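A.B. asks: here is a sequence together with a model predicted from it:
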Amino acid sequence: MYVVTRLLSFLASILNINAGTRGKPDSEGNGSSESSEMKLVVGLGNPGLEYERTRHNVGFEVIDLISTELGANLELSKNFWSQVGKTKFKNADVVFIKPQTYMNESGRAVSAVIRWFKLKVKDVLIVHDDVSIPLGRIRVQKHGGAGGQHGVESIIDSLGGVKEFDRIKVGVGPDPGGDLRARYVLSRVPEKDRELFAKSMEMSAQAVREWLEFGPEVTANHFNGRNLAEPPKPPKPPKPPKPAQEEGSDADGKEDTDTAASESDAANGQSARQPC
């Protein structure tokens with residue numbers, strides 16, 4: 001009886017999250033079969049202490065924040081090559097992952113999770129750094145190409161060219177350009193920018209939560225125009241009240257003026273008709 005119980009427990013653990021299957025999503029981004037409503041949020045980065053708190057690892061930072069907030073406990077899954085956590089939010093199952101494959105091989109982990117859970121690619125959100133966007137801003141994007149981000153390139157390749165997933169691009173610019181770019185994104189944020197960096201991570205986590213609840217369009221409208229680096233605009237001062245009209249002004253005053261003008265014209269006319 002003990003052996004049977006242990007065997008059943010082992011099989012249950014395999015069927016939970018610690019496995020993967022092969023297959024290719026169809027042209028609409030569907031897995032091999034339909035599934036109940038489930039969403040996948042992926043934060044891109046590089047594993048290892050030397051990459052912690054670097055610009056390239058903002059995806060990991062955001063996943064840590066939002067998974068903690070929503071009560072998802074991340075655990076290493078070797079068959080998914082990722083740290084994986086699962087929770088429920090607004091009547092939907094949500095899976096959070098941090099691929100441990102290094103950035104350029106992120107697609108291996110993401111495609112394994114998509115195929116195992118039979119997810120629709122349109123229900124996948126990728127959070128990653130973008131050096132072309134300044135620190136303090138994010139951009140929520142529905143579908144699109146890789147834009148030079150190697151982790152996103154790997155995901156598109158692993159899905160056979162399917163790219164109908166959404167993204168939250170977290171600004172880490174300004175872009176130093178050329179040969180300096182790689183060193184820049186793999187370096188840590190300087191002390192003077194750390195407060196802004198932390199606020200940007202919090203805003204990105206809020207955007208993930210809103211995407212889970214409302215989808216990409218609403219989230220983009222809400223967050224794409226924000227710039228944490230700019231001081232908030234002061235509220236416009238209230239317009240001063242219009243002065244109260246005095247009695248006899250306006251219409252009455254106009255009538256009085258017209259009467260006076262008529263009397264003056266009449267007097268002038270009489271004067272003009274008198275002999276010199």
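C.D. replies: Ah, there it is.
A.B. asks: check the burial of residue 231 by counting its neighbours.
C.D. replies: By the criterion of other Cβ atoms under 10 Å, residue 231 has 7 neighbours. Using the backbone N, CA and C atoms, a C-beta is placed for each residue, glycine as well.
A.B. asks: and if you look at residue 187?
C.D. replies: Residues near residue 187, counting by other Cβ under 10 Å: 12.
A.B. asks: so it is in contact with residue 54, correct?
C.D. replies: Yes: look at residue 187 against residue 54 with Cβ atoms under 8 Å: they come within range, at 6.1 Å.
A.B. asks: next up, the contacts around residue 166.
C.D. replies: With contact set as Cβ atoms under 8 Å, 6 or more residues apart in numbering, residue 166 has these partners: 122, 124-126, 140-143, 211, 216.
A.B. asks: low pLDDT regions in this protein?
C.D. replies: 1-36, 232-233, 245-276 (pLDDT under 70).
A.B. asks: can you give me the helices for it?
C.D. replies: Ranges of helices in the chain, per DSSP state H, are 2-16, 58-70, 106-117, 150-158, 180-185, 194-214, 216-223, 251-273.
A.B. asks: please name the bridge partners of residue 85.
C.D. replies: residue 96 (DSSP bridges).
A.B. asks: what do you get for residue 125?
C.D. replies: residue 41, residue 166.
A.B. asks: and it, what is it in contact with?
C.D. replies: Residue 125 touches 39-42, 165-168, 208, 211-212, counting by Cβ under 8 Å, 6+ apart.
A.B. asks: ok, so of the residues you listed, who is nearest residue 73?
C.D. replies: residue 41 (14.7 Å; Cβ to Cβ).
A.B. asks: okay, the closest one and residue 51: tell me how far apart.
C.D. replies: Using Cβ to Cβ, to the nearest Å, we find residue 41 at a distance of 20 Å from residue 51.
A.B. asks: of the two, which one has the most company?
C.D. replies: Taking other Cβ under 10 Å, residue 41 and residue 51 do not tie; residue 41 has more neighbours (27 against 17).
A.B. asks: for residue 66, give me its contacts.
C.D. replies: Each residue near residue 66 by Cβ under 8 Å, 6+ apart is listed here: 41, 96, 205, 208-209.
A.B. asks: what's the neighbour count on the closest residue to residue 87 other than its chain neighbours?
C.D. replies: Nearest in space to residue 87, with sequence neighbours left out and distances taken as Cβ to Cβ, 6 or more residues apart in numbering, is residue 72 at 3.9 Å. The number of residues packed near residue 72 is 20, by other Cβ under 10 Å.
A.B. asks: if anything else comes up later, I'll come back, but that's it for now.
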